[in-house]
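# Test case, fold it:
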Amino acid sequence: MTMPKPSVLISGASLAGPATAYWLVRGGFEVTIVEQAPALRAGGNGVDIRGEALEIIDRMGLSAAVRAHALNSQGMRFVDSRDRQRARVTTAGLHAMVGSEDIEITRGDLASLLNEATRDDVEYLFDDAVTALDQDCDGVDVTFRGGSQRRFDLVVGADGIHSGVRRLVFGPEESFRVFKHHYYAVASADLAVGERLWTTFYNEPGRSAAVFRAETGQALMNFMFRSKYPLSYDYRDVAAQRRLLREAFAGMGWHVPQLLAAADAAEDFYFDALDQVQMPSWSKGRVVLVGDAAYCASPASGAGALLALSGAHRLAGEIAVGGSITAALDRYEAAQRPLVAQKQSGLFTNISVPRTRLGILARNMLLSTRLTSYLLGHQSDKPRSLREYAFADRNENSTHDRP
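Model prediction:
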């Protein structure tokens, strides 16, 4: 007799959600993904696939597709207000220095590839969200924004730094977010600023504006600035966020006025704090968190994709092993926490947003030395041993107990 597949609901369709779904399907689970946005968000900032994430995408069969969408960045240039280069770091030189590579791809492209890899096997519910969770020892009753109710064996919160699942089960966002005194914004536009295939940085004390010119000529813009205190705004109020960005960069030189005007009109504009998420536990009963919802290391860490993909692999792998769901979630946490602790220990902001003009000068000088990899946080990106989980062993005819 064929046993019904255990059911899993995943909230969030960006990176960690579809990656977790990919592995759970191969473990014999029936997976549904709910996403509050009406569609996948295109574009976005570049994310680095490095360390064990490279092995994970290879195991997923996505290595060739990811490389085909790579931004092919040649490196980073640091310029003054007259566009004169003051420091330069090549991607090839950095890879040679640390003995490993990374692949940079836009968040939107990676999310699209993960969606393509799962959409035939996973039920996707766009323009909906989880509004209530009521769990017992056997499962979780879920109420959706659209009014429907369903029951699942497990619920996974992969819904980012503003996670609704985390809020419903673990408490308010403020209890777990750690303010890191920086904010950032990203947007794209058709601009001829900076060298093609290079990220060009311009700094004034406490502020950074950067542009990556893609092969297509499209400019991916990134703004960062320091703030002594948390800013008061609604993360859903885009107009207020655009205003905050204009105020923070008012009077800045170089091409910044042009970049601000382009960001103000960009449809893919995104603004947030460069905060971290730190939690004493990532699971409660039959609800578990993965990726930024559980352990955001800050977008400035360059580790978002690594933590999302590795967390998804370990979470799904430990669940697929079978046995007690509590034991599986404990194993997931024990396996993932060392990497999270490493990536939350430092931030790229000291390099990208120096506090003073002297700091900018010192940064430019240090980037020409062997300290470059340490300054940019790449010194520990060689992959650890990645466990081989027997995902294929749990199919629809499995006699494993439900989790």
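
# What residues does the residue most central in space within the chain make contact with?
Ranked by distance to the mean C-alpha position of the chain (Cα atoms, centre = their mean), the top residue is Gly304 at 3.5 Å. By Cβ atoms under 8 Å, 6 or more residues apart in numbering, the residues touching Gly304 are 15, 47, 291-292, 296-297. C-beta coordinates here come from the backbone N, C-alpha and C atoms, glycine included.

# which of those has the most neighbours?
Counting neighbours by other Cβ atoms under 10 Å, Gly291 leads the contacts of Gly304 with 31 neighbours.

# Check the offset of stretch 188-202 from the chain's centre.
Distance of stretch 188-202 from its chain centroid, counting by Cα atoms, centre = their mean, to the nearest Å, is 22 Å.

# That one spans what distance, first to last residue?
Its start and end residues considered, stretch 188-202 measures 17 Å (Cα to Cα, to the nearest Å).

# Give me the contacts around that stretch.
43, 71-81, 208-215, 217-222, 253-256, 258-259, 262-263, 265-266, 268, 352.

# so which helix or strand takes in the closest residue to Leu62 other than its chain neighbours?
Of all residues not flanking Leu62 in the chain, Leu113 sits nearest, at 5.8 Å (Cβ to Cβ, 6 or more residues apart in numbering). Take DSSP states H and E as the rule and Leu113 turns out to sit in helix 107-118.

# After that helix, heading C-terminal, what element do we hit next?
That would be, after helix 107-118 and using DSSP H and E, strand 123-126.

# helices or strands up against that next one?
In terms of contacts (3 or more Cβ pairs under 8 Å, 6 or more residues apart in numbering; DSSP states H and E), strand 123-126 is packed against strand 30-35.

# helices or strands up against the strand it packs on?
Using 3+ Cβ pairs under 8 Å, 6+ apart, strand 30-35 sits against strand 7-11, helix 16-26, strand 123-126.

# want to try a markdown table for the ones you listed, with mean pLDDT, distance to Gly108 and mean neighbour count as columns?
Formatted as a markdown table, the helices and strands packed on strand 30-35 follow (pLDDT from 0 to 100; distance: least, Cβ to Cβ, whole Å; neighbours: other Cβ atoms under 10 Å):
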| stretch | mean pLDDT | distance to Gly108 | mean neighbour count |
| --- | --- | --- | --- |
| strand 7-11 | 98 | 19 | 27 |
| helix 16-26 | 98 | 13 | 28 |
| strand 123-126 | 98 | 15 | 16 |
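
# pretty sure Asn222 contacts Tyr183?
No. The criterion here is Cβ atoms under 8 Å, and Asn222 misses it with Tyr183 at 11.7 Å.

# Can you pull out the low-pLDDT segments for this protein?
By pLDDT under 70, the weakly predicted segments of the chain are 1-3, 97-100, 346-349, 368-384, 392-403.

# Val156 sits in which helix or strand?
strand 154-157.

# cool, Thr326 as well?
If you go by DSSP H and E, Thr326 is part of helix 325-343.

# Buried residues of that helix, list them for me.
By neighbour count on 16 or more other Cβ atoms under 10 Å, the buried set for helix 325-343 is 325, 328-329, 331-333, 335-336, 339-340, 342-343.

# got those residues as CSV, with distance to Asp237 columns?
Formatted as CSV, the buried residues of helix 325-343 follow (distance: Cβ to Cβ, whole Å):
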residue, distance to Asp237
Ile325, 38
Ala328, 39
Leu329, 35
Arg331, 40
Tyr332, 35
Glu333, 34
Ala335, 38
Gln336, 33
Leu339, 34
Val340, 30
Gln342, 35
Lys343, 30
